[in-house]
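Participant: coords below, sequence missing:
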């Protein structure tokens, strides 16, 4: 939340900041990464409820970033909530696979692929090709 707020209102920078913070947090906390991404599925209903709550918060953050993008690009569709949740699931799969294959220290290397998935699912390929920090600031004049 803090990383996204600090980068706002530049929605591309906000998306990058939030994703980078997530990946770095997991890399800096290997036990948390393994528990949150792998072991949680067998940890029982309370752990799964907490996982669901975290994923819902991530989906809400994506929706906030997408709303800012729509301010800059009104032609973007107004996605229903399940699209943001599916995007969280896609990112979760990428991160879990990298964790299991290469260990937590390499998770920050996923920043670009994570941003590509988010952009492709939420705004489309053409806007996704714009570099982070290159988005117009929300509320800025044309």
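Facilitator: Looks like it came in fine. It should be emphasised that the depicted structure is a prediction, and the values quoted were computed from it without experimental measurement.
Participant: contacts and neighbour counts: CA atoms only from here.
Facilitator: OK.
Participant: ok, now which ones touch the closest residue to residue 63 other than its chain neighbours?
Facilitator: Once flanking residues are discounted, residue 63 sits nearest to residue 84: 6.4 Å by C-alpha to C-alpha, 6 or more residues apart in numbering. Counting by C-alpha atoms under 8 Å, 6 or more residues apart in numbering, residue 84 touches 59, 60, 62, 63, 122.
Participant: quickly find the element holding residue 84.
Facilitator: helix 81-102 (DSSP states H and E).
Participant: what's the following helix or strand after that helix?
Facilitator: With DSSP H and E, the next secondary element past helix 81-102 is helix 111-122.
Participant: tilt between the longest helix belonging to the chain and helix 81-102?
Facilitator: Longest helix in the chain, counting residues (DSSP state H): helix 45-72. Angle of helix 45-72 versus helix 81-102, following axes from the mean of the first three to the mean of the last three C-alpha atoms, to 10 degrees, is 120 degrees.
Participant: work out the gap between helix 45-72 and the centre of the chain.
Facilitator: Put simply, helix 45-72 sits 8 Å off its chain's centre (C-alpha atoms, centre = their mean, to the nearest Å).
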